[in-house]
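J.: the amino acid sequence is not available; the structure is as follows:
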């Protein structure tokens, strides 16, 4: 079972998934399917993806329709096998990469159960944010199901650290996520964003933030077989002189995008307990390490 990212109170901006009685929060799925096509960030391949309703307790499941038997890959932290500049899930011989933006959108809009079919190895990057996923989910609609969500509690702090980078969580009355980044390039520098799902809509505060890259790293990464589908249309690029393709959607758009990635990666845990998560200079690898530590603590 992969319940929603939300706490017992649905994430703000759900369209609208409240449907709760005496603090009981119910699982949700889509009212109808939707489809999007686009290029994968790393593969450069054009992929068509369909997101369909799924039964209660089914969770969020990726289905590689281009492989024999339409192999299913659960959106669970146990399925993570690679975290280099994106999160990749594997089940048997089937893999699916760059899952974090769509998973963040589904979680942020309260969709617990969904069947995600795609005909290639990587999700479309679209404009580099979760905004178009949010628009598609909102247009499809979200409907309550007859099963409650399962929400655990956190009694002690959890932390993972690598050098000066870390992700930690402290027990708190409500869910809150805070992210800090620090880059030598002056246009980025040190910036933070803190998000309270009960006060700000995911669709407004987090979803529009686009992925970003550093100009001096592009040739190296492409030589390593990465970011083959990256462009100025689907990623912000920064160099020593500033942003190559402004304007930004937020003054701290990079920090908000890192928070978006964190939300997508933490959705692999299932329902999150009330807590304050603080991340600093983290990566997909550290996000996943934290998710595993958190899951072990909750279990």
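T.: Happy to help now that I have it. Everything quoted here is computed from the prediction, not taken from an experiment.

J.: bridging residues for residue 180?
T.: Beta-bridge partners recorded for residue 180 (DSSP bridges): residue 192, residue 280.

J.: which stretches of the stretch 151-299 of the chain have low pLDDT?
T.: 299 (pLDDT under 70).

J.: beta-bridge partners for residue 115, please?
T.: residue 52, residue 61.

J.: correct me if wrong: it contacts residue 51.
T.: Yes - under the criterion of Cβ atoms under 8 Å, residue 115 makes contact with residue 51 at 7.3 Å. For every residue, glycine as well, the C-beta is placed using N, CA and C.

J.: which of these two has more neighbours?
T.: Comparing residue 115 with residue 51 by other Cβ atoms under 10 Å, the one with more neighbours is residue 51, at 25 against 20.

J.: list the contacts for the more buried one?
T.: 30, 33-35, 102, 106, 114-117, 136-137, 140 (Cβ atoms under 8 Å, 6 or more residues apart in numbering).

J.: adding distance to residue 255, pLDDT and secondary structure, write the residues you listed out as JSON lines.
T.: Conversion of the contacts of residue 51 to JSON lines gives the following (distance: Cβ to Cβ, whole Å; pLDDT from 0 to 100; DSSP: H, G, I helix; E, B strand; the rest coil):
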{"residue": "30", "distance to residue 255": "30", "pLDDT": "98", "secondary structure": "strand"}
{"residue": "33", "distance to residue 255": "33", "pLDDT": "98", "secondary structure": "coil"}
{"residue": "34", "distance to residue 255": "29", "pLDDT": "98", "secondary structure": "strand"}
{"residue": "35", "distance to residue 255": "32", "pLDDT": "98", "secondary structure": "strand"}
{"residue": "102", "distance to residue 255": "21", "pLDDT": "98", "secondary structure": "helix"}
{"residue": "106", "distance to residue 255": "22", "pLDDT": "98", "secondary structure": "helix"}
{"residue": "114", "distance to residue 255": "28", "pLDDT": "98", "secondary structure": "strand"}
{"residue": "115", "distance to residue 255": "33", "pLDDT": "98", "secondary structure": "strand"}
{"residue": "116", "distance to residue 255": "27", "pLDDT": "98", "secondary structure": "strand"}
{"residue": "117", "distance to residue 255": "33", "pLDDT": "98", "secondary structure": "strand"}
{"residue": "136", "distance to residue 255": "25", "pLDDT": "98", "secondary structure": "helix"}
{"residue": "137", "distance to residue 255": "24", "pLDDT": "98", "secondary structure": "helix"}
{"residue": "140", "distance to residue 255": "29", "pLDDT": "98", "secondary structure": "helix"}
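
J.: tell me the one of the residues you listed nearest residue 174?
T.: Minimum distance to residue 174 across the contacts of residue 51 is 20.9 Å, recorded for residue 106 (Cβ to Cβ).

J.: surely that closest one and residue 267 touch.
T.: Yes - judged on Cβ under 8 Å, residue 106 makes contact with residue 267 at a distance of 7.2 Å.

J.: which residues do these two both contact?
T.: With Cβ under 8 Å, 6+ apart as the test, residue 106 and residue 267 both reach residue 60.

J.: strands along the stretch 151-299 of the chain, start to end?
T.: 158-162, 165-171, 176-182, 190-195, 212-214, 236-239, 242-243, 275-280 (DSSP state E, counting those that start in this stretch).

J.: revised request: answer the last question for the stretch 1-150 of the chain.
T.: Using DSSP E, counting those that start in this stretch, strands in the stretch 1-150 of the chain cover 26-30, 34-39, 46-53, 60-64, 71-74, 80-82, 88-91, 94-97, 114-118, 142-148.

J.: and those strands, which is most packed in?
T.: Mean neighbour count (mean count of other Cβ atoms under 10 Å) peaks for strand 26-30 among the strands of the stretch 1-150 of the chain, with a mean of 24.

J.: and that strand, how far out from the chain middle?
T.: 18 Å (Cα atoms, centre = their mean, to the nearest Å).

J.: so which elements touch that strand?
T.: strand 46-53, strand 142-148 (3 or more Cβ pairs under 8 Å, 6 or more residues apart in numbering; DSSP states H and E).

J.: TSV please, covering the ones you listed and showing mean pLDDT.
T.: Output for those, formatted as TSV (pLDDT from 0 to 100):
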stretch	mean pLDDT
strand 46-53	98
strand 142-148	97
